[in-house]
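Visitor: 3D model of this:
(one chain, ligands or ions: 2)
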Amino acid sequence: MVRRNIALLGATGSIGTSTLDVVREQGYKISLASAHQNYDKLLGIADQFNIPCVVLTGITDTSLQARIKQANPSLQIYFGEDELLQLLKGEDYDIALNAITGSAGLRSSFTIMERGKQLALANKESLVMAGHLLTKLIKDNPILPVDSEHSAIFQAIGKHPIGEVKHLHITASGGAFRDLPLADFAHISPKEALSHPNWHMGAKVTLDSATMFNKALEVMEAHWLFGLPYEQISAIIHHQSVIHSLVEFIDGSLLAQMSTPDMKLPILYALSYPQRAASFLVQTELNKLSALTFREIEPQRYPLYILGLQVAKCGGILPTVMNAAVEAASMLFLRGSIAYTDMIGIAFKALDNTPQISEPDLDTIIRVNKEVFEKAKSFAE
Ligand code: NDP
Ligand code: MG
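Guide: Numbers count the residues shown, from 1 in each chain. Ligands and ions are numbered 1, 2, ... in the order given. Coordinates of the predicted model:
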C-alpha cells in the first residue's frame, strides 16, 4: 500500500467527507485540511485524523480567530485564502484534492499546479473558468479527475491515444425535476431542488444537477481534461447513474465505467492512481440493478444547460461570466429571493452586459468573476 500524504481542500463538504472515508479505509495521511467557516467540524476532523495544520479561509473576525487558536494550542491554525495559498506553496504533501465549491477553488488549483504537485480535481469550476491556463501548467502528471463522469472517461480511455477516441458520452441523471410537468417549474421550492434522486452532494452542485447547468460545466471540464473539441462531447440522460460515462472509440466500440453511484470510488481512484487499491467501500450487485436506460435531453426543461453549451463554444471569458451569474442566481434562489425560473434570466443578462475577452489571464478572470457575481446579485434586488 502506498501511504499518500494529502492536502484536502474543502474537507468539511460532501466530497471532503467521502474523502475522509477513503482516507480512513486506506490509511492515508492528511497533512493539511481547509474549510471556509465551519470551524467546529474542521477541528473535529483534525483531531480524528491527526492533521497537524488547518486553514479556515472564511473567518475574518479576529477575536473569533484568537478564541479558536487559544482553544486548540497544539494545532497550527491559519485564516484566509492567502494563508491557504502560502501553505500550498510550502507544506509537504504528495497530492492535493481540491473539493472547494465554486469559483472560490480557482486560485488553489493554480498554486498546486504551479508548484508541480499532483492535483486531484473535484472543483470543476477551475477548468471551466481557466482551463486554457491551467492545462498549460501540466508537466509530468495529468490532472486527476474526481468528478465521477470524468473519472469514468479517464479510466475508459486508459492508455489509448486521444486520436482513437471518437466521442465522449457524459451521462446525466436528469436531476430532481426530470419528470416534473414544465408548467410546475415556476413553483419549485429550494427544498425540492435540493433533493437529488441518486446522489447526496453539496447544495450548489445539487441545484446545478436539477437545472443541468452542472452538465454544461462537465462538458467544459471534459473538453479541457481530454483535449477534445465540443463537437466530440455530448451528454445523455441515464436515470440510474450506474454508468458514469462512456467513451466511443474510432472502431465503434463503447467502453463504460459502472458502479453504484458513490463518490468514494472516483475519489479512491484519483488518490490511488496509477494503482488500483483494494477497497470494500463501494460494492455493486449486478442482479440487484434495475434496467439501464438512456434518453435524449429535453432542451426546454434545462435552459441553463443549453445556454451553457453555447457559452462553452464561445470560450474566452464567457464561461466565467455565466458561472458567476449562476452562482449568484443559485444563492438568491436558495435564499428564497427569486423563483427557480428566474435563474436563466440572470445568466442571460450577465452575458449581455459583459464584453468578450478571448484569452483572459488569471487576474482578469478573478476580477470579472467578482464583478459579475456582485452585479448579478443586484439584478434581482
Ligand atoms: P459542499 O458545499 O458540500 O462543500 C464545500 C466545501 O468547500 C466545504 O468544505 C466548505 O467549507 C468549502 N467552501 C465553501 N465556500 C468556500 C469558499 N468561499 N472558499 C473556500 N472554501 C469554501 O460542496 P461539494 O463537496 O458538494 O462540492 C465541492 C466541489 O466538488 C464542487 O466544485 C462540486 O461541483 C464538485 N463535485 C461535487 C460532487 C459531489 O458529489 N458532492 C460530485 C462531483 C463534483 P465550509 O463547510 O466551512 O463552508
Ligand atoms: Mg459529476
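
Visitor: OK, now which residue of this protein is nearest to ligand 1?
Guide: Gly13 (1.9 Å; C-beta to the nearest ligand atom). Glycine gets a C-beta too; all of them are placed from N, C-alpha and C.

Visitor: right, and that residue touches Ala104 too?
Guide: No. The pair Gly13 / Ala104 is not scored as a contact, 11.5 Å apart, by C-beta atoms under 8 Å.

Visitor: hang on, the earlier thing: how much space between the residue of the chain closest to ligand 1 and ligand 2?
Guide: According to C-beta to the ion, to the nearest Å, Gly13 and ligand 2 sit 14 Å apart.

Visitor: Please give me every residue in contact with the nearest residue to that residue once chain neighbours are set aside.
Guide: In space, and not counting its chain neighbours, Gly13 is closest to Gly202: 5.2 Å by C-beta to C-beta, 6 or more residues apart in numbering. Each residue near Gly202 by C-beta atoms under 8 Å, 6 or more residues apart in numbering is listed here: Gly13, Ser14, Ile15, Thr101.

Visitor: Let's see that with 6 Å instead.
Guide: Applying C-beta atoms under 6 Å, 6 or more residues apart in numbering to Gly202 gives the contacts Gly13, Ser14, Thr101.

Visitor: So which of the residues you listed sit within helices?
Guide: Ser14 (DSSP state H).

Visitor: What separation is there between Glu359 and Val205?
Guide: 28 Å (C-beta to C-beta, to the nearest Å).

Visitor: Next: Asp47.
Guide: Relative to Val205, and taking C-beta to C-beta, Asp47 is found at 28 Å.

Visitor: before we move on, what about Asp140?
Guide: 30 Å.

Visitor: Close to ligand 1: what parts of this structure are there?
Guide: Counting by C-beta under 6 Å from any ligand atom, the positions of the chain adjacent to ligand 1 are 10-16, 35-38, 57-58, 99-101, 104, 122-125, 147, 199, 201-203, 205, 263.

Visitor: Can you flag which of these belong to strands?
Guide: Among the residues of the chain next to ligand 1, the members falling in strands (DSSP state E) are Ala35.

Visitor: Pick out whichever of Asp47 and Val205 has more residues nearby.
Guide: Val205 (22 against 12; other C-beta atoms under 10 Å).

Visitor: for that one, what are its contacts?
Guide: Contacts of Val205 (C-beta under 6 Å, 6+ apart): Asn214.

Visitor: again, only using 8 Å
Guide: Ser14, Thr101, Asn214.

Visitor: which one of Gly13 and Ala104 has more residues nearby?
Guide: Legend: neighbour count by other C-beta under 10 Å for Gly13 and Ala104, higher for Gly13 (23 against 18).

Visitor: ok, now how distant is the more buried one from Ile357?
Guide: Where Ile357 is concerned, Gly13 sits at a distance of 31 Å (C-beta to C-beta).

Visitor: how about the strands in the chain?
Guide: Counting by DSSP E, the strands of the chain are 5-9, 29-35, 53-56, 76-79, 95-98, 118-121, 144-145, 165-172, 233-237, 243-249, 254-258.
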